[in-house]
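>>> coordinates for the following, if possible.
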Amino acid sequence: MKTIIKTLSFVILFSMIASCSSIRVATDYDTKVEFNQYKTFAFFKTGIDKAEINDIDKRRILRAIESELLSKGFTKSDTPDILVSLFTKSQQRVDVYNNSWGAGGWGWGPGWGWGAGWGPGWGWGWNQPNVSTSVQGQLYIDLLDAKKKELVWQGMGTGYLTRNMDKKEERINTFVSKIMEQYPPNAK
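Numbering: from 1, shown residues only. Okay, the predicted model is just below:
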């Protein structure tokens, strides 16, 4: 029984860590646009200035986007085909876990299946909740047709941010890379 509990605890912990490190990506684009016509880019300063993040992180994001576009064969230009803009959102997430492993007992609470129910539980009789906080962020990368000033592609990445300065640039690069994997749409 103790082996099962230890194994289950490890699986739950691993799942929580893995879910925190993953980045979910979604894209939207104008299906009538021929994306192979775009060869040059520039940053859309008006849009970027409105992004509500500090200038250091903004520069990190712009460098990562530039690197991704250059690796896709784009050229930075004063007369671009597309303009790149971005914006961000973030929210703090607070998770409260009421985990008490140990001797058995009875009470209300979540079971091993779906939903809550009445039945045997595990605990020593104390209910000390564990509280964890994390910041979930969203990064939107917008590509606009430079001539029409119309949005033609948008990529959005959602994931957990780090406060660790040593890992911040790496995390930003990962966000941008995952989003830009989806550009151009329907790439073979």
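>>> show me where this protein has helices.
Residue ranges of the helices in the chain, as given by DSSP state H, are 2-21, 45-49, 55-71, 165-180.
>>> low pLDDT regions in the chain?
Scanning the chain with the threshold set as pLDDT under 70 gives 1-21, 99-128, 134, 187-188.
>>> again, 50 this time
Counting by pLDDT under 50, the chain contains low-confidence ranges at 5-20, 102-119, 121-123, 188.
>>> residue contacts, residue 73?
Contact analysis of residue 73 by C-beta atoms under 8 Å, 6 or more residues apart in numbering lists residue 39. (Each C-beta comes from the backbone N, C-alpha and C, glycine too.)
>>> any idea how far residue 155 lies from residue 183?
6 Å (C-beta to C-beta, to the nearest Å).
>>> which neighbours do those two share?
In contact with both residue 155 and residue 183: residue 27, using C-beta under 8 Å, 6+ apart.
>>> which of those two has more residues huddled nearby?
Between residue 155 and residue 183, residue 155 has the larger neighbour count (other C-beta atoms under 10 Å), namely 24 against 19.
>>> skipping adjacent residues, who's closest to the more buried one in space?
Residue nearest to residue 155 in three dimensions, not counting chain neighbours: residue 179, with 3.9 Å by C-beta to C-beta, 6 or more residues apart in numbering.
>>> how many neighbours does that neighbour have?
24.
>>> for residue 43, grab the count of nearby residues.
The burial count for residue 43: 16, using other C-beta under 10 Å.
>>> wouldn't it be in contact with residue 63 here?
No. With contact defined as C-beta atoms under 8 Å, residue 43 does not count as touching residue 63 (10.8 Å).
>>> alpha carbons only: can I get stretch 145-158 in PDB?
These are the backbone C-alpha positions of stretch 145-158, laid out as PDB (Å, rounded to 0.1, in the frame of the first residue of the first chain):
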ATOM      1  CA  ASP A 145       0.100  43.100 -44.000                       C
ATOM      2  CA  ALA A 146       2.300  46.200 -44.200                       C
ATOM      3  CA  LYS A 147       0.500  47.800 -47.200                       C
ATOM      4  CA  LYS A 148      -3.100  47.200 -45.900                       C
ATOM      5  CA  LYS A 149      -2.300  47.500 -42.200                       C
ATOM      6  CA  GLU A 150      -4.500  44.400 -41.700                       C
ATOM      7  CA  LEU A 151      -4.000  41.500 -39.400                       C
ATOM      8  CA  VAL A 152      -3.200  38.400 -41.500                       C
ATOM      9  CA  TRP A 153      -1.900  35.900 -38.800                       C
ATOM     10  CA  GLN A 154      -1.900  35.700 -35.100                       C
ATOM     11  CA  GLY A 155      -0.200  33.200 -32.800                       C
ATOM     12  CA  MET A 156      -0.900  32.900 -29.100                       C
ATOM     13  CA  GLY A 157       1.100  31.000 -26.500                       C
ATOM     14  CA  THR A 158      -0.200  30.300 -23.000                       C
END
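>>> sweet, I'm off.
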